[in-house]
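Colleague: here's my sequence, what's the structure:
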Amino acid sequence: MWRKSALFSLTHTRLFSSSSSAPEISSLYSFLQPSIFAQKPQNPTNSTNQQKPETLTRDHITALEIDLHKSLLTHNSDEAWKSFKSLTSNSLLPSKPLTNSLITHLSSLQGLHNLKRAFASVVYVIEKNPKYLDFETVNTLLGSMKSANAAAPAFALLKCMFKNRYFVPFELWGHSLVDISRKNGNLAAFVRVFEETCRIALDEKLNFMKPDLTACNAALEGCCCDIQSVSDAEKVVETMSVLGVRPDESSFGFLAYLYALKGLEKKIIELENIMGGFGFSNKAVFFSSLISGYVKSGNLESVSTTILLSLSQGFRKDSNFSDETYREVVKAFLEKGSIKDLSNLIIEAQKLEDPSIVIDKSTGFGIVNACVNLGFSDKAHSILDEMNSQCCSVGLGVYVPILKAYCKEHRTAEATQLVMDISNSGLQLDVGMYDDIIDASMTSQDFQSAFSIFRDMREARISDLMGSYLSIMTGLMENHRPELMAAFLDEVVEDPRVEVKTHDWNSIIHAFCKAGRLEDARRTLRRMTFLQFEPNDQTYLSLINGYVTAEKYFCVLMLWNEVKRKISTDGETGIKFDPNLVDAFLYAFVKGGFFDTVMQVVEKSQEMKIFVDKWRYKQAFMETHKKLKVAKLRKRNFRKMEALIAFKNWAGLNA
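Modeller: A predicted model of the protein is given here:
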């Protein structure tokens with residue numbers, strides 16, 4: 001193979017393949033339906049009955065060409081086609097520029113109908129007078145066929161070109177045909193075109209017809225992967241040698257796949273030696289192709305041997321098998337239920353891998369990650385369990401794909417258990433992974449898993465706990481679980497890595513108040529002050545609103561007695577007596593009928609120059625105390641009467 005002196009006779013190669021011509025013609029005319037240039041009738045009687053077209057004069061021909069030109073300028077495709085057909089029905093062609101303009105125009109349009117017209121036109125011109133056709137026009141048409149994924153007419157066009165000795169430089173059509181063939185999964189058909197092209201290039205001594213390396217590899221791929229023929233593949237190799245085309249890693253890869261598939265071990269050894277002769281040191285493609293071939297043949301023992309061989313040769317210091325290769329391997333092993341074999345493969349691979357290897361370049365990571373990507377997270381976990389049962393450890397990074405899969409699948413209990421296993425093995429996750437699991441747990445409302453993970457973080461002496469702490473607190477708040485917030489905060493409040501602030505206590509108090517659990521809110525306040533966290537205006541605002549909702553106005557009165565002692569006078573220490581707090585107290589006391597306390601709040605707000613909108617309190621009074629009379633209060637409580645009068649005067653209710 002690839003000998004400089006190799007002789008390869010292509011002179012007896014038939015035009016593509018006679019055995020495939022019938023299906024191609026059938027496909028071609030199926031493509032052309034409804035008929036544009038119909039297949040010639042087989043019945044001679046019908047042929048003689050057809051009317052002969054009217055003979056055109058020189059003036060008619062000139063007029064049709066003018067109409068064709070105008071139609072192209074105005075993009076009137078139907079009229080242009082009508083003029084062209086009138087000419088061709090008399091075995092005439094418009095001028096060369098017009099002919100190429102028409103075909104280019106039709107090729108550029110959307111829709112199969114115009115593509116059929118362009119194809120039929122090119123075939124007609126090639127058979128009538130190929131000199132009328134520009135190479136670039138053929139290139140444009142094939143590009144449109146590629147976009148339309150029209151394989152049958154593309155191959156038929158090449159067959160027509162070769163048959164009529166219309167030779168277009170390979171670079172203008174070769175790659176389009178390769179792309180069409182590959183897209184249709186039919187590189188085997190391209191092999192026949194490749195053979196004919198090579199024959200023409202060599203027999204006619206037309207260098208511009210020689211296929212390049214990309215085309216040679218496409219033909220080799222067709223022989224190795226589609227046809228799976230060793231003799232055909234080696235013919236392509238000999239042809240490459242005759243053409244002077246130097247192979248690359250992909251060339252050797254296709255052959256490696258075929259030899260592995262056929263179990264040709266001696267040829268594999270020979271192929272590897274030839275690679276060395278060509279100076280190829282990177283054998284990633286070679287080994288990957290061998291693995292694919294062995295997988296296809298079901299030879300899993302050779303798959304393992306090849307992976308270990310690649311490690312022993314050290315080719316994977318700077319590279320790794322692709323995800324696709326690992327998926328092939330894993331799928332093949334799991335289809336046979338070989339979890340133990342996969343774990344043994346990882347164990348043996350770890351013995352050969354460099355200790356400094358980046359974890360995501362390791363065999364263990366590749367296999368486990370492939371399991372996860374295939375949707376087999378549990379099987380990936382089973383592989384690690386099997387390794388652990390053999391007292392063989394794996395790098396931390398190997399666990400990460402499983403953890404991420406569990407989080408994505410909201411299987412947070414399994415993720416938490418795996419984290420415990422990781423910790424027990426002496427490994428430690430990074431903060432980001434911990435945070436991801438906690439986020440997933442909170443999203444799934446699996447609060448116990450989140451707490452367990454956070455405890456593990458604390459025990460692992462992770463320095464940055466704030467992200468996970470806030471995720472838990474926020475999640476519990478959003479899910480209206482203040483009792484869990486209180487228990488969690490009580491557990492971590494003395495941890496110096498967690499910066500607990502008054503705001504955190506306020507969140508719990510607010511949640512309890514909103515849920516109507518006022519005694520729990522009050523208990524949280526007592527715990528908060530015991531731990532020397534000072535309540536602020538937000539603390540009291542939540543409590544006031546909670547008590548007002550429950551119509552416990554006397555409790556608000558108790559709060560006022562507490563707050564008025566703490567109101568800040570210097571704007572720095574103490575409670576900020578802002579408009580919101582003033583409003584909450586005033587509304588509560590008006591609703592509760594504590595008018596003397598109302599006036600205390602009013603006095604304090606005036607002292608601190610806080611503006612008060614009286615309209616809300618007028619409304620509250622009218623709703624609650626509309627029938628309250630000053631005369632009745634005079635008899636019972638003179639002081640309360642004075643407070644009521646003062647309030648009404650302040651609120652403008654006496655008027």
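Colleague: from now on I want contacts and neighbour counts done on CA atoms only, so please keep to that.
Modeller: Noted.
Colleague: give me every residue that touches S362.
Modeller: N320, Q350, E353 (CA atoms under 8 Å, 6 or more residues apart in numbering).
Colleague: should've said S304
Modeller: Contacts of S304 by CA under 8 Å, 6+ apart are L345.
Colleague: give me the number of residues near E562?
Modeller: 12 (other CA atoms under 10 Å).
Colleague: then the one 5 residues further on?
Modeller: Using other CA under 10 Å, I567 has 18 other residues around it.
Colleague: and for E603?
Modeller: Residues near E603, counting by other CA under 10 Å: 12.
Colleague: on the three-state scheme, it is what?
Modeller: Under DSSP: H, G, I helix; E, B strand; the rest coil, E603 falls in the helix class.
Colleague: gap between it and W650?
Modeller: 11 Å (CA to CA, to the nearest Å).
Colleague: L352 too?
Modeller: 90 Å.
Colleague: and the residue nearest the centre of this structure?
Modeller: N373 (12.3 Å; CA atoms, centre = their mean).
Colleague: could you pull out the helices for the stretch 501-650 of the chain?
Modeller: 502-514, 518-530, 537-549, 553-563, 579-592, 595-607, 615-625, 630-636, 638-651 (DSSP state H, counting those that start in this stretch).
Colleague: against which helices or strands is the fourth one packed?
Modeller: Pointing back at helix 553-563 there. When contacts are defined as 3 or more CA pairs under 8 Å, 6 or more residues apart in numbering; DSSP states H and E, helix 553-563 packs onto helix 537-549, helix 579-592.
Colleague: can I get those helices in a markdown table with mean pLDDT and mean neighbour count?
Modeller: Shown next, in a markdown table, are these (pLDDT from 0 to 100; neighbours: other CA atoms under 10 Å):
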| stretch | mean pLDDT | mean neighbour count |
| --- | --- | --- |
| helix 537-549 | 94 | 21 |
| helix 579-592 | 91 | 21 |
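Colleague: could those helices go into CSV alongside distance to L258?
Modeller: Formatted as CSV, the helices and strands packed on helix 553-563 follow (distance: least, CA to CA, whole Å):
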stretch, distance to L258
helix 537-549, 75
helix 579-592, 80
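Colleague: nearest to C407, of those?
Modeller: Closest approach to C407 among those (CA to CA): helix 537-549, 35.7 Å.
Colleague: tell me which other helices or strands that closest one touches.
Modeller: Looks like helix 537-549 contacts helix 502-514, helix 518-530, helix 553-563, helix 579-592 (3+ CA pairs under 8 Å, 6+ apart).
Colleague: just to revisit the earlier point, now the helices of the stretch 501-650 of the chain in JSON lines, with distance to I422?
Modeller: What follows is the helices of the stretch 501-650 of the chain, written out as JSON lines (distance: least, CA to CA, whole Å):
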{"stretch": "helix 502-514", "distance to I422": "32"}
{"stretch": "helix 518-530", "distance to I422": "36"}
{"stretch": "helix 537-549", "distance to I422": "42"}
{"stretch": "helix 553-563", "distance to I422": "51"}
{"stretch": "helix 579-592", "distance to I422": "51"}
{"stretch": "helix 595-607", "distance to I422": "60"}
{"stretch": "helix 615-625", "distance to I422": "61"}
{"stretch": "helix 630-636", "distance to I422": "75"}
{"stretch": "helix 638-651", "distance to I422": "68"}
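Colleague: mind checking which of those is nearest S181?
Modeller: helix 502-514 (65.1 Å).
Colleague: any idea how far D78 lies from L109?
Modeller: On the measure of CA to CA, D78 and L109 end up 12 Å apart.
Colleague: swap in K552?
Modeller: 79 Å.
Colleague: same thing with E519?
Modeller: 77 Å.
Colleague: do the same with W81
Modeller: W81 is 13 Å from L109, by CA to CA.
Colleague: just T443 next, same as before
Modeller: 52 Å.
Colleague: coming back round to it: give me whichever of the helices and strands packed on helix 537-549 is most buried.
Modeller: helix 502-514 (a mean of 23; mean count of other CA atoms under 10 Å).
Colleague: what mean pLDDT does it have?
Modeller: Mean per-residue pLDDT for helix 502-514: 94.
Colleague: cool, stretch 311-326 as well?
Modeller: On average, stretch 311-326 scores 81.
Colleague: endpoints of it, how far apart?
Modeller: End-to-end distance (CA to CA), stretch 311-326: 15 Å.
Colleague: residues making contact with the host helix or strand of Q350?
Modeller: Using DSSP states H and E, Q350 sits within helix 339-352. Identification of contacts with helix 339-352 by CA under 8 Å, 6+ apart yields 304, 307-308, 311-312, 330, 333, 362-364, 367, 379, 382-384, 386-387, 392.
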